[in-house]
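coordinates only, sequence not included:
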């Protein structure tokens with residue numbers, strides 16, 4: 001996307017994550033932050049029990065992830081002097097990207113008609129909580145509400161009768177998926193403009209992304225014309241396959257099995273775990289018998305796996321052709337050998353010159369890992385960007401005195 005300029009008026013993660021993906025792909029992403037307050041997410045310095053400010057004065061992962069590769073301009077859009085700067089930025093941009101609510105967009109004159117009046121060819125992109133039409137068009141949302149709760153994921157993973165709802169497995173979980181979705185929509189809109197000359201309005205909601213993530217279950221419910229039956233899952237394995245599901249090791253760690261062809265993989269599994277006799281056991285010596293006696297077989301699998309530690313099973317299962325996976329924590333994901341072999345945990349140098357690492361966006365082009373650059377510090381590039389647009393140093397000083405820029 002070299003040569004594509006994206007103008008982002010957004011904060012937090014959902015929509016800024018899209019800008020980060022586009023920056024990974026080579027776009028010039030200019031992030032407008034309020035000249036005094038900046039992106040509200042800069043104020044979140046304690047997350048998941050970790051004081052991120054202790055990691056250094058400039059490196060905040062909650063900002064680095066969704067903002068790497070961008071340039072930051074401090075601009076107070078409500079100030080008269082900022083309007084001319086904004087209009088020049090719009091004229092020089094291919095994409096306008098925002099997650100501001102309709103009331104704020106109207107107040108700041110950054111609605112579709114306002115922006116298109118300046119640049120008729122610009123692709124206008126809105127990220128919302130619940131969509132741009134309907135009774136909740138003006139309602140704000142976070143991924144915990146619109147994506148996780150309303151989109152079906154929370155109900156899908158919370159066991160019947162649980163005293164606590166299962167929370168999202170990571171901060172910005174739905175936001176990150178939503179940002180990737182927006183980036184794909186922008187890529188399609190750019191292709192359309194290039195091939196037809198016609199521009200687009202792109203809309204992505206967290207609720208829509210959440211429903212897409214759970215669409216398998218939602219589609220079944222639509223077919224059934226009602227809620228799906230609540231089935232109590234077996235303790236181990238599935239109802240017809242002992243080689244599906246999570247099993248606990250001796251040290252409390254988990255392994256996930258997903259061998260969808262039990263007849264094919266049962267003999268191999270039995271041999272690898274040192275129980276070759278299970279392959280010829282009259283209860284399990286055909287696929288039909290394995291499926292009919294899945295509960296009994298699963299109890300045996302659970303007993304076997306509970307006898308050794310996670311680390312021991314990782315070594316044993318390395319020889320297994322059947323599909324399985326270690327259940328990894330966030331640190332282990334960051335060290336995952338396949339992610340690292342494919343350059344999807346990428347180095348980045350922070351503003352203090354310290355070597356850091358970030359997860360790269362998952363799309364890779366031409367078998368080449370992305371090269372990351374750090375997220376900007378607040379309003380770091382205001383002067384540079386405005387000079388590119390023709391502002392003199394004297395004009396910059398006047399705008400700063402007015403409070404229009406930082």
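Alright, I've got the coordinates. From a predicted model like this one, the values you see are computed outputs, not experimental measurements.

got the residue ranges for the strands in the stretch 101-250 of the chain?
123-128, 201-205, 244-248 (DSSP state E, counting those that start in this stretch).

closest to residue 350 out of those strands?
Across the strands of the stretch 101-250 of the chain, the minimum distance to residue 350, taken as CB to CB, is reached by strand 123-128, at 26.9 Å. (Each C-beta comes from the backbone N, C-alpha and C, glycine too.)

okay, now the sheet partners of the closest one, with direction.
strand 95-98 (parallel), strand 201-205 (parallel) (DSSP bridges).

avg pLDDT for it?
Averaging pLDDT along strand 123-128 gives 98.

now do stretch 96-108
98.

ends of that stretch, what's the gap?
Using CA to CA, to the nearest Å, the end-to-end distance of stretch 96-108 comes to 14 Å.

count the residues that sit near residue 393.
9 (other CB atoms under 10 Å).

now residue 344
Neighbours of residue 344 using other CB under 10 Å come to 16.

ok, back up a step: make CSV out of the strands of the stretch 101-250 of the chain and add distance to residue 225 and mean neighbour count.
As requested, the strands of the stretch 101-250 of the chain are arranged in CSV below (distance: least, CB to CB, whole Å; neighbours: other CB atoms under 10 Å):
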stretch, distance to residue 225, mean neighbour count
strand 123-128, 29, 25
strand 201-205, 25, 20
strand 244-248, 28, 18
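
adding distance to residue 42, write these out as JSON lines.
Shown next, in JSON lines, are these (distance: least, CB to CB, whole Å):
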{"stretch": "strand 123-128", "distance to residue 42": "19"}
{"stretch": "strand 201-205", "distance to residue 42": "24"}
{"stretch": "strand 244-248", "distance to residue 42": "38"}
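
skipping adjacent residues, who's closest to residue 333 in space?
residue 339 (7.2 Å; CB to CB, 6 or more residues apart in numbering).

the one you found should be in a helix, yeah?
Yes: remark: residue 339 belongs to a helix, assigned using DSSP: H, G, I helix; E, B strand; the rest coil.

tell me the contacts of it?
By CB atoms under 8 Å, 6 or more residues apart in numbering, the residues touching residue 339 are 333, 345, 359.

can you tell me which of the residues you listed is closest to residue 240?
For the contacts of residue 339, the nearest to residue 240 is residue 333 (30.9 Å; CB to CB).

distance of the closest residue to residue 330 other than its chain neighbours from residue 358?
Spatial nearest neighbour of residue 330, excluding adjacent residues (CB to CB, 6+ apart): residue 170 at 7.3 Å. Residue 170 is 14 Å from residue 358, where distance means CB to CB, to the nearest Å.

higher neighbour count, these two?
Between residue 170 and residue 358, counting by other CB under 10 Å, residue 358 is the more crowded of the two (20 against 12).

partners of the more buried one in the sheet?
residue 346.

OK, contacts around it?
By CB under 8 Å, 6+ apart, the residues touching residue 358 are 61, 64, 65, 68, 345, 346, 348, 372.

burial count for the last one?
The reference is to residue 372. Residue 372: 22 neighbours (other CB under 10 Å).

so residue 333 belongs to a strand, correct?
No: according to three-state DSSP, residue 333 belongs to no strand; its state is helix.
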